[in-house]
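Engineer: got a sequence here, can you model it:
(one chain, ligands or ions: 1)
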Amino acid sequence: MIDHIQSILQQGLKAIEEATDLTQLQEVKNQYLAKKSALMGIFSQLKDLDAEKKKQVGFEINAARDQLTLALETKQKTIETLVMQAKLKEEVIDISQPATHAYQGSVNPFFLIEQTITDIFVSMGYQVAEGPEIESDHYNFELLNIPKDHPAREMQDSLYFDENTLLRTHTSPVQARVMQASQGKPIQVICPGKVYRRDEDDATHSHQFGQVEGLVVAEGINLGHLKQTLQAFAKKMFGEKREIRLRPSFFPFTEPSVEIDVSCFECGGKGCNLCKHTGWIEILGGGMVHPKVLTMNGYDAKKMTGFAFGIGIERVAMLRYGIDDIRRFYQNDLRFIQQFNRK
Ligand code: DAH
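Structural biologist: All right, here's what the predicted structure looks like:
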């Protein structure tokens, strides 16, 4: 019996030795250590033996089982190590290979600048308001002191849906909308958005472009507030060293009206091609809200005053980034847009 155990043990050890993968090893384990295996079968024969013999044979079976178990475990570790080594060898990473990049899109500079302008004014406490792009004649013109036959309409022709409905020609109608909604209370808003004009498209004109309107209404607002506000804006947009200057201008909805120039950020004011050798670059229009506009939109012009301004988004972006043609904003040429990747 003991010889039989020994021979099973030797066969088992040999089978373990010869196994080359985990599946084979599992088969060997089933064959030699399962309940129905030859080795375990010997247990059932113990009952016929005398006590001394029983003890001896029992000891031998347990010893054989422990030896096989240990051999199995050792072999399993060896195979696992070999498998892992083979895998590591196969999956070796060549760090000298060029990397594959995930494609990252870029924001069109139009939206970069719209966002920058918005951030600057929001940081000064402004709210953001929006209005419809399809606007009525009443809001686009009448409530801004541009009556039907006013010559200022000449410059702002647009696409009409009917006699009284058009694609808005500027963001200024949002001024009227905000004033009416605010019912005589103080206002501090900007209104970014798209506007439309019957314009011939060329390097500096487009039939569609973006504006950011600004409006502040409260007791005691004066031109000094407008100047200070736009000075702060110019510094944040074009650099701390920038100065602004105000020139008289005309808009029907402001009185007085001003054109605002910023000192040239290319030459610092000495004169260069960008500023046409004047040292100054025109960036936006503004002024004190016309008393008629305040009155028409529900404000007591004797008690409250306000200032307003309108910034052209593409114009600021072109100056800031040195873009030579407004049409580049709309052509979706990746070679252009990818230059504005925030990376
Ligand atoms: N709405 C004017 C335009 O499109 C720009 C403008 C000028 C807006 C002066 C203003 C302003 O609010 O005060 O030409």
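
Engineer: on the three-state scheme, the closest residue to the ligand within the chain is what?
Structural biologist: Of the residues in the chain, the one nearest the ligand is Gly310, at a distance of 2.5 Å by C-beta to the nearest ligand atom. To be clear about C-beta, it is placed using only N, CA and C from the backbone, and glycine gets the same treatment. Under DSSP: H, G, I helix; E, B strand; the rest coil, the three-state class of Gly310 is strand.

Engineer: gap between it and Ser206?
Structural biologist: For Gly310, the distance to Ser206 equals 16 Å [C-beta to C-beta, to the nearest Å].

Engineer: for Ser136, same thing?
Structural biologist: 24 Å.

Engineer: repeat for Lys227
Structural biologist: From Lys227 to Ser206 the distance is 29 Å (C-beta to C-beta).

Engineer: kindly report the same for Gln104.
Structural biologist: From Gln104 to Ser206 the distance is 28 Å (C-beta to C-beta).

Engineer: also Gly271?
Structural biologist: Distance from Gly271 to Ser206, by C-beta to C-beta: 29 Å.

Engineer: neighbour count for the two, which is higher?
Structural biologist: Neighbours per residue, other C-beta atoms under 10 Å: of Gly271 and Ser206, the larger number sits with Ser206, 19 against 15.

Engineer: Glu266 belongs to a helix, doesn't it?
Structural biologist: No - counting by three-state DSSP, Glu266 is not part of a helix but coil.

Engineer: need the contact list for it.
Structural biologist: With contacts defined as C-beta atoms under 8 Å, 6 or more residues apart in numbering, Glu266 is in contact with Cys272, Asn273, Leu274, Cys275.

Engineer: what about the first one, which SS state?
Structural biologist: Read that as Cys272. Assignment for Cys272 (three-state DSSP): coil.

Engineer: what's the closest non-adjacent residue to it?
Structural biologist: Glu266 (5.1 Å; C-beta to C-beta, 6 or more residues apart in numbering).

Engineer: what's the answer for Pro291, then?
Structural biologist: Per C-beta to C-beta, 6+ apart, closest to Pro291 is Ala301, 3.7 Å.

Engineer: could you report the neighbour count for that neighbour?
Structural biologist: With other C-beta under 10 Å as criterion, Ala301 counts 15.
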